[in-house]
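In: pasting a predicted model and its sequence here:
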Amino acid sequence: MTLEDYAWNLHERELYESGQATIPSPYKLQILDDSQKRLELEQILVQLPQKYLALWTMESANRYTDMIDIGDDDKKQQILTQVEEVFKKRLTRKASAYELRQAGFLAQKLSQEARSSVSKYAARVFAQAVATAHMRGHAIVSADYAVKVVNLLSLDDIEAVRKEREKQIALATKWQKSAEIDKKD
């Protein structure tokens with residue numbers, strides 16, 4: 001994979017090229033987690049070109065959008081649709097990083113207007129997924145926010161966390177195979 005395929009952001013490219021991009025990455029939030037499953041996930045994610053990483057992250061995040069409650073379903077759907085349109089354009093290089101960041105700020109409004117903790121963190125899963133189309137590092141943060149949602153729904157349930165990580169790993173493996181097939185074409 002070329003450096004440009006690995007990371008669209010120059011800083012992340014330079015870290016990768018110099019061998020400074022390390023896993024496991026540090027946690028950005030406190031969660032009950034299965035660190036071995038997280039490491040297994042990161043070992044797959046590091047192999048994905050950024051486009052496929054972003055697609056994986058958004059597909060993972062879409063499992064949580066139904067949990068977002070801002071008290072106005074029409075407004076929520078309008079924000080989700082608008083943000084996803086910019087996200088898709090970014091994947092085809094028809095939207096700039098600036099436009100994507102603006103869409104990310106809009107996505108963050110879902111978290112700010114959330115009516116519960118579960119809703120707030122579900123919205124953060126989505127917002128971080130959007131940001132992955134700009135910087136790779138947001139992918140694992142999105143996945144960690146998904147675990148945070150699981151933590152809130154199933155207190156102290158490491159088995160529920162493990163199942164979430166396994167879903168993330170299975171989906172990442174699917175995108176890894178898709179990237180390999182596209183590489184051959």
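Out: That came through, no problem. Numbers count the residues shown, from 1 in each chain.
In: okay, and for the protein, where does confidence drop off?
Out: 185 (pLDDT under 70).
In: now the strands for it?
Out: Assigned by DSSP state E, the chain shows no strands.
In: max-length helix in this structure?
Out: If you go by DSSP state H, the chain has its longest helix at helix 158-184.
In: for that helix, packing partners?
Out: Other elements packing on helix 158-184 under the criterion 3 or more Cβ pairs under 8 Å, 6 or more residues apart in numbering; DSSP states H and E are helix 35-45, helix 50-61, helix 138-153. Bear in mind the C-beta positions are built from the backbone N, C-alpha and C, glycine included.
In: so what's Lys183 closest to, chain neighbours aside?
Out: The shortest distance from Lys183 to any non-neighbouring residue, by Cβ to Cβ, 6 or more residues apart in numbering, is to Met1 (7.8 Å).
In: same question for Arg162.
Out: Asp34 (4.9 Å).
In: surely Ile140 touches Glu42?
Out: Yes. Under the contact definition of Cβ atoms under 8 Å, Ile140 touches Glu42, with a separation of 6.1 Å.
In: neighbour count: the two, which is higher?
Out: A count of neighbours by other Cβ atoms under 10 Å puts Ile140 above the other of Ile140 and Glu42, at 25 against 18.
In: roughly how far does that one sit from Ile44?
Out: Here the criterion is Cβ to Cβ, to the nearest Å. By it, Ile140 lies 11 Å from Ile44.
In: same check, this time on Leu55
Out: The spacing between Leu55 and Ile44, counted by Cβ to Cβ, is 14 Å.
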